[in-house]
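**Q** return a 3D structure for these sequence lines:
(one chain, ligands or ions: 1)
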Amino acid sequence: MKNTVLTFKQAKGSGTKLTMLTAYDYSTAKLIDTAGVNSILVGDSLGNVMLGYEDTVSVTMEDMIHHGAAVARGAKNALVVIDMPFMSYQTSVYDAVVNAGRLMKEGRANAVKLEGGVEVTEQIKAITAAGIPVVAHIGLTPQSINAFGGHKVQGKTEEAAQKIVNDARAVEKAGAFAVVLEGIPAKLASFITKELTIPTIGIGASVDCDGQVLVYQDMLGMYSDFTPKFVKKFANIGEVMTAAFRQYIDEVNSGAFPSEENCYAISDEIIEKLK
Ligand code: KIV
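**A** So this is what the prediction gives:
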């Protein structure tokens with residue numbers, strides 16, 4: 001059954017956890033969707049894991065639409081959320097609505113996600129007023145790593161923790177239907193989760209959140225440039241892939257591949273008649 005914003009609403013406080021994973025292409029989206037995840041996030045983390053940038057700052061609207069539309073074609077039941085890339089919504093409320101609309105129309109998203117708290121509430125209000133569901137994202141927001149001075153856990157002092165609580169309340173009030181809490185202390189995530197009526201989706205924010213999200217290459221051991229403490233490797237597919245690639249190279253070199261079963265037949269008679 002298709003997951004919708006109502007799935008998220010009903011999960012809050014029901015004891016049912018929400019599951020979200022990233023995907024950036026059709027085949028992976030199909031596999032994740034078949035597994036039964038509630039939501040697929042086309043994260044701007046595609047800048048890191050798909051395009052090889054060192055951060056998400058260079059990701060464009062065209063990147064998000066291109067990958068988002070591929071995921072949407074593969075996701076039958078999961079709610080597809082597409083990230084609004086850096087500078088597609090910070091510049092003005094007008095830009096935010098136009099770009100959120102493009103992610104829905106061209107990317108075929110079911111919802112959009114944007115980073116920030118109090119400072120983006122006007123954007124969240126305007127996007128939701130246009131009929132577009134919004135997931136907010138607060139705490140360690142990767143688009144702001146230059147302002148943070150790196151990938152640092154946020155909300156560790158009283159002032160910083162209070163700012164994140166204020167952000168959480170502000171995005172809920174502005175109309176977000178869920179909020180991602182990234183890279184914040186466990187007890188702060190727990191406090192926010194109890195305070196809000198919308199579900200919290202944690203990444204590096206503890207088991208007390210209403211749901212969890214991970215980047216699929218991280219949880220499958222396919223991305224080795226940087227592995228945050230909050231990542232659990234559920235499989236080591238990266239090693240399996242490298243071993244298969246090595247075997248392919250060996251078999252091509254030795255002539256073991258392709259074998260007869262990988263080839264197409266033709267009768268000798270035809271070959272003999274060829275001039
Ligand atoms: O871009 C992304 O993948 C994200 C998740 C890490 C929440 O925003």
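**Q** please count neighbours and contacts with C-alpha atoms only from this point.
**A** Will do.
**Q** quick one: mean pLDDT for stretch 84-100?
**A** When pLDDT is averaged over stretch 84-100, the result is 98.
**Q** could you give me the buried positions within that stretch?
**A** For stretch 84-100, the neighbour count (16 or more other C-alpha atoms under 10 Å) marks M84, P85, F86, M87, S88, Y89, Q90, V93, A96, V97, N99, A100 as buried.
**Q** dump these to CSV, plus distance to G211.
**A** CSV is the format used below for the buried residues of stretch 84-100 (distance: C-alpha to C-alpha, whole Å):
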residue, distance to G211
M84, 21
P85, 23
F86, 25
M87, 27
S88, 27
Y89, 26
Q90, 27
V93, 29
A96, 26
V97, 27
N99, 27
A100, 24
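**Q** and the closest residue to the ligand within the stretch 1-150 of the chain, what is it in contact with?
**A** Residue nearest to the ligand within the stretch 1-150 of the chain: G43 (3.3 Å; C-alpha to the nearest ligand atom). Residues counted as contacts of G43 (C-alpha atoms under 8 Å, 6 or more residues apart in numbering) are T22, A23, Y24, I82, D83.
**Q** residue numbers of this structure in contact with the ligand?
**A** T22, G43, D44, S45, V215 (C-alpha under 6 Å from any ligand atom).
**Q** what are the bridge partners for the closest residue to the last one other than its chain neighbours, then?
**A** When you say that, I think you mean V215. By the measure of C-alpha to C-alpha, 6 or more residues apart in numbering, the closest residue to V215 outside its immediate chain neighbours is T22, 5.0 Å from it. Beta-bridge pairing for T22 (DSSP bridges): L41.
**Q** circling back: how about the buried residues of stretch 84-100 in TSV, adding secondary structure?
**A** Formatted as TSV, the buried residues of stretch 84-100 follow (DSSP: H, G, I helix; E, B strand; the rest coil):
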residue	secondary structure
M84	coil
P85	coil
F86	coil
M87	coil
S88	coil
Y89	coil
Q90	coil
V93	helix
A96	helix
V97	helix
N99	helix
A100	helix
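**Q** for the ligand, what's the nearest residue on the stretch 101-250 of the chain?
**A** Proximity to the ligand, evaluated over the stretch 101-250 of the chain using C-alpha to the nearest ligand atom, is greatest for V215 at 5.5 Å.
**Q** wait, that residue sits on L21?
**A** Yes - counting by C-alpha atoms under 8 Å, V215 touches L21, with 6.0 Å between them.
**Q** quick check: next helix or strand after the one helix or strand in the chain whose mean pLDDT sits lowest?
**A** Ranking every helix and strand in the chain by mean pLDDT, DSSP states H and E puts helix 145-148 at the bottom, with a mean of 94. For helix 145-148, the following helix or strand on the C-terminal side (DSSP states H and E) is helix 158-174.
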